[in-house]
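Colleague: structure, please.
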Amino acid sequence: MEKKKVVVGMSGGVDSSVAAYLLKEQGYDVIGATMQIWQDEDRDVQEENGGCCGLSAVDDARRVAQLLDIPYYVMNFKEEFKCRVMDYFVEEYLAGRTPNPCIACNRYVKWEAMLKRSLEIGADYIATGHYARIARLPNGRYAIRNSVTAKKDQTYALYNLTQEQLAHTLMPVGEYTKEEIREIAKKAGLPVAHKPDSQEICFIPDHDYAAYIEKAAGDRVPKEGNFVTEDGEVLGRHRGITHYTVGQRKGLNLAMGHPVFVTQIRPKTDEVVIGEAGDVFGDVLLCDHINYMGMEDLSQPREVLAKIRYAHAGEWCVIERVAEDMIKCTFRKPVRAITPGQAVVFYEDGCVLGGGSIVGVN
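Modeller: Next comes the predicted model:
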């Protein structure tokens, strides 16, 4: 019987390297591939900005591929990454929202673009080193399922994948803890066994989002504006709305005598609304751009566990469709910092039912 062919997205890190190793051990015909996403920076900049797809990532991934004796390629997705991730990131901040670029990259670059390219060269699947699993539910639909380790679980950032994409995806790392993955890499002699995890957004390694947006947006970058209370009282001046996000406390430089927080961003008036600690909590949100995954639709209210950001443990809520592409989530307990632009992801029995982009509180 002919081996199934799988293209493994290799970032040069230990997780994707072990994914390639495990799949080869399982009998797949494995091909390694790294996405080239950097734009036209010079070599020094590319080397400094290692991230998950920089030049150092290519070097490490190529070394692993040679060790595993598998073909290795660098696939150029610069155009897709610029449009779907970098430009999206800037536009969201200019609109007063806080985006999650990894979710956009997963859906439109790592899956949509890379899967298309992989199928064109005869592959049956693509695979990644994400800490997640894929389940086929009783209703016949595919769903992302929690990994065995809650500490590293990456299902939140994968909620936007389609049924077609999931049907052609393998995620072998989701069956292991991080410690087990490093041990597998060590025993296999992989040179990246002890390589530290990448923490930053790959195209902003210094974490200075505002400076990146200022450079990218040019004369469209928001100017200084007012810090205001909910009812419009001016409290002071701020540096521009792209410097702030809902729930933020540090860096406000407001002499209020006690901690205060950003509760809302108003891009039309360049106002940043300031409130007390309790004002940051809410129990209802609206989301749009819905992606149904484990459930085919939402015809009646349903109680689910929902996460409103990557590090959120989740809170029980009732979800109900209130428009063609709009879901209302009513939480049992108030949740902190419901942030427009972030994703809300719905879970049931450890599987992703779907999710959407938060547009605000009701």
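
Colleague: what about the residue lying closest to residue 17 once chain neighbours are set aside, neighbour count?
Modeller: Taking Cβ to Cβ, 6 or more residues apart in numbering as the measure, residue 17 lies nearest to residue 64, with 4.4 Å between them; neighbours along the chain are not counted. Bear in mind the C-beta positions are built from the backbone N, C-alpha and C, glycine included. In terms of burial, residue 64 registers 27 neighbours under the definition other Cβ atoms under 10 Å.

Colleague: point out where the stretch 51-200 of the chain drops to low pLDDT.
Modeller: 51-56, 199-200 (pLDDT under 70).

Colleague: if we can go back for a sec, the helix or strand that contains the residue nearest to residue 17 packs against which elements?
Modeller: Take DSSP states H and E as the rule and residue 64 turns out to sit in helix 55-68. Under the contact criterion of 3 or more Cβ pairs under 8 Å, 6 or more residues apart in numbering; DSSP states H and E, helix 55-68 touches helix 14-25, strand 29-36, helix 43-48, strand 72-76.

Colleague: now do the contacts for the residue nearest to residue 17.
Modeller: Applying Cβ atoms under 8 Å, 6 or more residues apart in numbering, one finds that residue 64 lies in contact with 10, 12, 17, 20, 32, 190, 191, 192.

Colleague: mind checking which of these are buried?
Modeller: In terms of neighbour count (16 or more other Cβ atoms under 10 Å), the buried residues within the contacts of residue 64 are 10, 12, 17, 20, 32, 190, 192.

Colleague: dump those residues to a markdown table, plus distance to residue 280.
Modeller: Supplementary listing: the buried ones among the contacts of residue 64 in a markdown table, determined by distance: Cβ to Cβ, whole Å:
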| residue | distance to residue 280 |
| --- | --- |
| 10 | 40 |
| 12 | 38 |
| 17 | 40 |
| 20 | 43 |
| 32 | 44 |
| 190 | 44 |
| 192 | 40 |
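
Colleague: so which of the residues you listed is the closest to residue 325?
Modeller: The nearest member of these to residue 325, counting by Cβ to Cβ, is residue 10 at 35.6 Å.

Colleague: hang on, the closest one packs against residue 18?
Modeller: No. Counting by Cβ atoms under 8 Å, residue 10 stays clear of residue 18, with 10.5 Å between them.

Colleague: surely residue 259 is in a helix?
Modeller: No. Checked against DSSP: H, G, I helix; E, B strand; the rest coil, residue 259 lies outside a helix; its state is coil.

Colleague: report pLDDT for the closest residue to it other than its chain neighbours.
Modeller: Excluding its sequence neighbours, the residue lying closest to residue 259 (Cβ to Cβ, 6+ apart) is residue 249, at 5.6 Å. Model confidence at residue 249, given as pLDDT, is 94.

Colleague: so what's the residue count around residue 249?
Modeller: Residues lying near residue 249 (other Cβ under 10 Å) number 11.

Colleague: angles on the backbone of it, please.
Modeller: phi -120, psi -40 (degrees, to the nearest 10).

Colleague: let me see the contact set for it.
Modeller: Applying Cβ under 8 Å, 6+ apart, we find residue 249 in contact with 259, 260, 261, 262.

Colleague: since that was my last question, I'll sign off now.
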